[in-house]
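Participant: Predicted coordinates and the sequence they were generated for:
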Amino acid sequence: MKKHKKIIGIILFVLLNAVVIVATAFSEFGNSENAAELSEVKMNWWLLIPAVLCFIIAISFEIFKYVLMIRRLSANNEISKNEHRTIWRNAWKVARRTVLLGKYYDNITPAAIGGQPFQIYYMRHNSGLTGGNSTSVPIFGMISNQIAFLIIAILCFIFGGVAYTKPTLMVTAWLGLLFYAFWPVMVAGVSFFPKPTTKFLKFLIRVLAKIKIIKDREKALAKIEHEVDEYAKSIKRILKTRGLFFQVVLSSLVFNGLIAMIPFFVLTAFGGNIGFFECFTLTIAVMSAVYFVPTPGNAGAAEGTFFLVFSSLSSGYVFWAMLLWRFFSYYIYIIIGPIIYFLMHLEKKQEGADIKKWYNG
């Protein structure tokens, strides 16, 4: 019965993902009456190669970032040499699953709240690191991406010239940057000015509770105090490991930069006429503008705002270009998630068979 329940669970899990993909795709693109027939679309397919390479290299750098943190922080563990070797040997597998499954949960949960808790849980049970270091890796993985995006966005907004051509977008984009900056600024404040920052956050929660935005004030106060403490400890662990902070942020800069380049190559493949830096800056602005939309994968807002990026195309091609971009930025993670779970299931099954074979002699 247990075996049958597992099979049923896997089938339901796959079906759930299929429903999420279809429902989101329909909500974003279901009303595209002006889309050209796919058979009529003329495009330079070879120009999609750079887009694919950007995605592969970006994800590789994100995984490498986690490998770097796992291996460097393992030196802080009081473990035997054999355990240390095991951590180093398994670092790529653990990092790959942590990153990809984390992004899967980010993209199926509102406001991307599911990725980080899963990553912490997975790291604590599979990385071989201590509980504190297992928490530090996903937390700083997220914060480093936010810091990197802030650096790229501020440079783009200052030197990109979008502020003069699309002022409404820029107002929303700057507002989005405030959301991006919240956790990095808060953690930096707690790390260097712990008492004033904690007092400010508690004051903010009390104000929000009074205007009925937060229902359970005491629960929110306890939660923020716990999270602030965990985040501050994570930063201190990273900072104590020589050079790790800058290496991780540099990897995050490469990841965010390459992901933001993909729309340009998609546009050129469909015959769009737009400059690289203009497209890159617009993409960053739109990504910032939709950041605070509390829907899975920013669904419901992404398609509307990204029209500004793809508007250089003819109306019939906009649908296909945006759909391809959403594949790279959203759907691919929902597809990869169940595949990894299926491979993990096969791996676990094989390990069980090997143990049984060894036991039976």
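Facilitator: Right, received. Where do you want to start? Residues are numbered from 1 along each chain as shown.

Participant: Next, the buried residues of the helix or strand hosting Phe245.
Facilitator: For Phe245, the element it lies in under DSSP states H and E is helix 244-269. The neighbour-count check on helix 244-269 (16 or more other Cβ atoms under 10 Å) flags 244-245, 247-249, 251-269 as buried. Glycine gets a C-beta too; all of them are placed from N, C-alpha and C.

Participant: mind checking pLDDT for Ile63?
Facilitator: What the model reports as pLDDT for Ile63 is 95.

Participant: Does it touch Arg97 like I think?
Facilitator: No: counting by Cβ atoms under 8 Å, Ile63 stays clear of Arg97, with 9.4 Å between them.

Participant: before we move on, the earlier item: report the next helix or strand after the helix holding Phe245 in sequence order.
Facilitator: Next helix or strand after helix 244-269 toward the C-terminus (DSSP H and E): helix 276-289.

Participant: surely Leu68 meets Phe246?
Facilitator: No: Leu68 is beyond contact range of Phe246, at 11.1 Å (criterion: Cβ under 8 Å).

Participant: rewinding a little: can you give me the angle the helix holding Phe245 makes with helix 276-289?
Facilitator: For helix 244-269 against helix 276-289, the angle by axes from the mean of the first three to the mean of the last three Cα atoms, to 10 degrees is 110 degrees.

Participant: all numbers from here: first residue = 53
Facilitator: Taking 53 as the first residue, the last one we looked at is helix 296-321.

Participant: State the mean pLDDT of helix 296-321.
Facilitator: What helix 296-321 shows for mean pLDDT is 92.

Participant: now stretch 261-270
Facilitator: Stretch 261-270 comes out with an average pLDDT of 75.

Participant: Extract the C-alpha set from it and format it as PDB.
Facilitator: Output of stretch 261-270 as PDB, limited to C-alpha atoms (Å, rounded to 0.1, in the frame of the first residue of the first chain):
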ATOM      1  CA  ALA A 261      -0.900  46.000  13.500                       C
ATOM      2  CA  LYS A 262      -2.800  49.100  14.400                       C
ATOM      3  CA  ILE A 263      -4.000  49.700  10.900                       C
ATOM      4  CA  LYS A 264      -5.000  46.000  10.700                       C
ATOM      5  CA  ILE A 265      -2.500  45.000   8.000                       C
ATOM      6  CA  ILE A 266      -0.900  42.600  10.500                       C
ATOM      7  CA  LYS A 267      -3.400  40.600  12.500                       C
ATOM      8  CA  ASP A 268      -1.300  38.800  15.100                       C
ATOM      9  CA  ARG A 269       1.100  41.400  16.500                       C
ATOM     10  CA  GLU A 270       2.900  39.200  19.000                       C
END
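
Participant: Now do the SS call for the residue nearest the centre of the chain.
Facilitator: By Cα atoms, centre = their mean, the chain has its centre lying nearest to Lys155, at 4.8 Å. Judged by DSSP: H, G, I helix; E, B strand; the rest coil, the three-state class of Lys155 is helix.

Participant: wait, isn't it in contact with Gln171?
Facilitator: No: here Lys155 lies out of contact with Gln171, judged by Cβ under 8 Å, at a distance of 9.5 Å.
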